[in-house]
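Novice: Sequence and predicted model, in that order:
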Amino acid sequence: MASNGPNGTASLRFHEIFFSVVTSVTTARVSIRWRRKLRLLTFDELKAQKGIPYCRDHTRRLGDLGKFPKAIKLGDGERAKIAFVEEEIDAWLAERAALRAAAAE
């Protein structure tokens with residue numbers, strides 16, 4: 001949806017530009033490596049910000065089964081902190097919501 005910008009010219013919103021670029025890249029089957037910031041969520045942020053109540057062991061088990069995004073180890077050794085890629089968590093949550101909606105139909 002275009003909105004009138006200065007001098008009456010049409011300007012596109014960011015999400016419209018983003019989706020049009022993604023659509024054209026997908027349609028053309030062109031592989032482009034996008035540069036973007038990688039946002040990580042610590043285990044505590046996973047609970048606080050995303051509302052995921054699982055314990056560490058359960059997230060690890062689900063990740064090993066491919067049913068939850070795998071954690072990234074942020075150090076060496078057994079006691080290293082872990083974090084999750086926020087984009088992967090958001091995609092997983094969206095998938096859960098879509099499955100719920102499909103089951104309700």
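Specialist: Alright, I've got the coordinates. All values reported here derive from a predicted model rather than from experimental measurement.
Novice: Can you spell out which helices and strands pack onto the biggest helix by length in the chain?
Specialist: In the chain, taking DSSP state H as the definition, the longest helix is helix 86-104. Identification of packing neighbours for helix 86-104 by 3 or more CB pairs under 8 Å, 6 or more residues apart in numbering; DSSP states H and E yields strand 40-42, helix 43-50. Quick note: C-beta positions are derived from backbone N, CA and C, even for glycine.
Novice: Please identify the deepest-packed of those.
Specialist: Greatest average neighbour count among those goes to strand 40-42 (a mean of 18), per mean count of other CB atoms under 10 Å.
Novice: After the helix or strand where residue 59 lies, which helix or strand is next?
Specialist: In the assignment (DSSP states H and E), residue 59 maps to helix 56-65. Later in the chain than helix 56-65, the nearest helix or strand by DSSP H and E is strand 72-73.
Novice: and that following strand, which strands flank it?
Specialist: Partners of strand 72-73 in the sheet, by DSSP bridges, are strand 82-85 (antiparallel).
Novice: Helix 56-65 and the longest helix of the chain, what's the angle between them?
Specialist: 80 degrees (axes from the mean of the first three to the mean of the last three CA atoms, to 10 degrees).
Novice: Let me see the mean pLDDT of helix 86-104.
Specialist: Across helix 86-104, pLDDT averages out at 93.
Novice: what's the pLDDT at the nearest residue to residue 81 once chain neighbours are set aside?
Specialist: Among residues not flanking residue 81 along the chain, residue 74 sits closest, at 4.5 Å (CB to CB, 6 or more residues apart in numbering). Looking at residue 74, its pLDDT reads 90.
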